[in-house]
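Novice: Sequence first, then the predicted structure:
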Amino acid sequence: MNETDKDTLCRSIVETVGDAVIFADRDGIIRLWNRAAEGIFGYTEEEAIGQSLDLIIPERQRELHWKGYGKAMLNGVTKYGSETLSVPAVTKEG
């Protein structure tokens, strides 16, 4: 399987999974947003890509979020490991 086929397969998996898949770069800019994320948060891929994660982080949680995010980006690990987290978020409707 060549790299193009692998990329196509990975994108297909991300698009068909029932969970939201969001990828943000080191600066917290959204680079990948799947259909499930659209359904949960109400923003289309076009609206979300290129935006800060602040798009879905409640204002009162941002300081704490960015502190932890910065630490995780520096260390390459989070204190949560592979734990699934349930965190507050904001949808397009507020």
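Specialist: Yep, it's here. Numbers count the residues shown, from 1 in each chain.
Novice: Give me the phi and psi for Y80.
Specialist: phi -90, psi -10 (degrees, to the nearest 10).
Novice: residues contacting the residue most central in space within the chain?
Specialist: Centre of the chain computed as the mean C-alpha position; nearest residue by C-alpha atoms, centre = their mean is I22, 2.5 Å away. Applying C-beta atoms under 8 Å, 6 or more residues apart in numbering, we find I22 in contact with 30, 32-34, 37, 48, 53, 56. For every residue, glycine as well, the C-beta is placed using N, CA and C.
Novice: Which of these ranks first by neighbour count?
Specialist: Among those, the one with the most neighbours (other C-beta atoms under 10 Å) is W33, at 26 neighbours.
Novice: Verify the stated contact: that one with A48.
Specialist: Yes. Using C-beta atoms under 8 Å, W33 makes contact with A48 at a distance of 4.2 Å.
Novice: before we move on, the earlier item: now the two most distant members of the contacts of I22.
Specialist: Using C-beta to C-beta, the pair of the contacts of I22 lying farthest apart is N34 and L53, separated by 15.2 Å.
Novice: As CSV, could you dump the C-alpha coordinates of the one helix or strand in the chain whose mean pLDDT sits lowest?
Specialist: When each helix and strand of the chain is scored by mean pLDDT, DSSP states H and E, helix 3-16 comes last, with a mean of 88. Listed next in CSV are the C-alpha coordinates belonging to helix 3-16 (Å, rounded to 0.1, in the frame of the first residue of the first chain):
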residue,chain,number,x,y,z
GLU,A,3,1.3,6.6,1.0
THR,A,4,-1.6,8.0,-1.0
ASP,A,5,-3.7,4.8,-0.4
LYS,A,6,-2.8,4.9,3.3
ASP,A,7,-3.8,8.6,3.6
THR,A,8,-7.1,7.8,1.8
LEU,A,9,-7.8,4.9,4.1
CYS,A,10,-7.0,6.9,7.3
ARG,A,11,-9.2,9.8,6.1
SER,A,12,-12.0,7.3,5.4
ILE,A,13,-11.7,5.8,8.9
VAL,A,14,-11.7,9.3,10.5
GLU,A,15,-14.8,10.3,8.5
THR,A,16,-16.9,7.2,9.2
